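>>> Sharing a sequence plus its predicted fold:
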Amino acid sequence: MDEIYSCFRAIEEFERVFRAYSVPGIPFEKCFPWINSCFRDEDFRRSAFYLYQSIKELGWDHCDWQVQGYDDQFKPHVSVSEAESAAQNAFKCIEAIIGEPTKTKPHKLAVLLRSKGFDPDIRLGFRKKDTLFNKIVEFHEIRDRVAAHGKSKYKRRLSVSEVIEMQALARYMLLKERL
């Protein structure tokens, strides 16, 4: 438990990150000891904390969007800075798991994913299904072009559904790495 409380102030915060994406078919309470043991790994703790910060900053999560039927037009009020910060932290979670994906040699991303036990061709997503490889490339571009800078020629408002999609991918990768 000490490992978990080094990142989260209360078990409710921990559950907010992991409950919706514990092991399918197994109640969260039964996954708890397994997830607790993962917290002994510093990389896992860092990744989990980035994901938690992202969820906390956005103020909305997968469950809220699910209630809306994964409608791409789900537009609760979220400030630009909160959405951008949440996107940054969701992507940092992904980077903490696989390392920084290269933009100049995208073919290396597939090799990197396979070396970490991920299938780059698995199709994932709520808004639109696409490969893990393509999702990471898309989210890397969103992070770099939209969320990472205060002003740029690519600046636009992030949708809450885009950020939740990034969080869901980060959560999937965080837990998949340990299964």
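Sure, I can see it. Keep in mind that what you see is a predicted model, and the values were worked out from it rather than measured. Numbering: from 1, shown residues only.
>>> so Leu169 sits right up against Phe91, yeah?
No - Leu169 is beyond contact range of Phe91, at 9.2 Å (criterion: Cβ atoms under 8 Å). Just so you know, the C-beta spots here come from the backbone N, C-alpha and C atoms, and that holds for glycine as well.
>>> who has more neighbours, the two?
A side-by-side neighbour count of Leu169 and Phe91, using other Cβ atoms under 10 Å, places Phe91 first with 25 against 22.
>>> Find the nearest non-adjacent residue to the more buried one, please.
Beyond its immediate neighbours in the sequence, the residue positioned closest to Phe91 (Cβ to Cβ, 6 or more residues apart in numbering) is Arg143, lying 4.3 Å away.
>>> follow-up on the earlier one: can you check which residues contact both of Leu169 and Phe91?
Phe139 (Cβ atoms under 8 Å, 6 or more residues apart in numbering).
>>> Could you report the pLDDT at the residue nearest to Phe91?
Turning to Arg143, the model gives it a pLDDT of 85.
>>> show me what contacts it?
The contact partners of Arg143, taken as Cβ under 8 Å, 6+ apart, are 87-88, 91.
>>> measure it to Arg40 for me?
Taken as Cβ to Cβ, to the nearest Å, the spacing of Arg143 relative to Arg40 amounts to 29 Å.
>>> Please work out the average pLDDT along the helix ranked longest in the chain.
Among the elements of type helix in the chain, defined by DSSP state H, the one spanning the most residues is helix 80-98. Over the span of helix 80-98, the pLDDT mean works out to 89.
>>> Just the CA trace of the helix or strand just after that helix, in CSV.
Downstream of helix 80-98, the first helix or strand assigned by DSSP states H and E is helix 107-115. Output in CSV follows, covering the C-alpha atoms of helix 107-115 (Å, rounded to 0.1, in the frame of the first residue of the first chain):
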residue,chain,number,x,y,z
HIS,A,107,8.8,2.4,-38.8
LYS,A,108,10.8,2.2,-35.5
LEU,A,109,7.7,2.8,-33.5
ALA,A,110,6.3,-0.6,-34.6
VAL,A,111,9.6,-2.3,-33.5
LEU,A,112,9.5,-0.4,-30.2
LEU,A,113,5.9,-1.4,-29.6
ARG,A,114,6.6,-5.1,-30.3
SER,A,115,9.7,-5.0,-28.0
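>>> helices or strands up against the helix or strand hosting Gln167?
Take DSSP H and E as the rule and Gln167 turns out to sit in helix 160-176. Helices and strands in packing contact with helix 160-176 are listed as helix 11-18, helix 42-58, helix 62-67, helix 80-98, strand 123-124, helix 132-142; criterion 3 or more Cβ pairs under 8 Å, 6 or more residues apart in numbering; DSSP states H and E.
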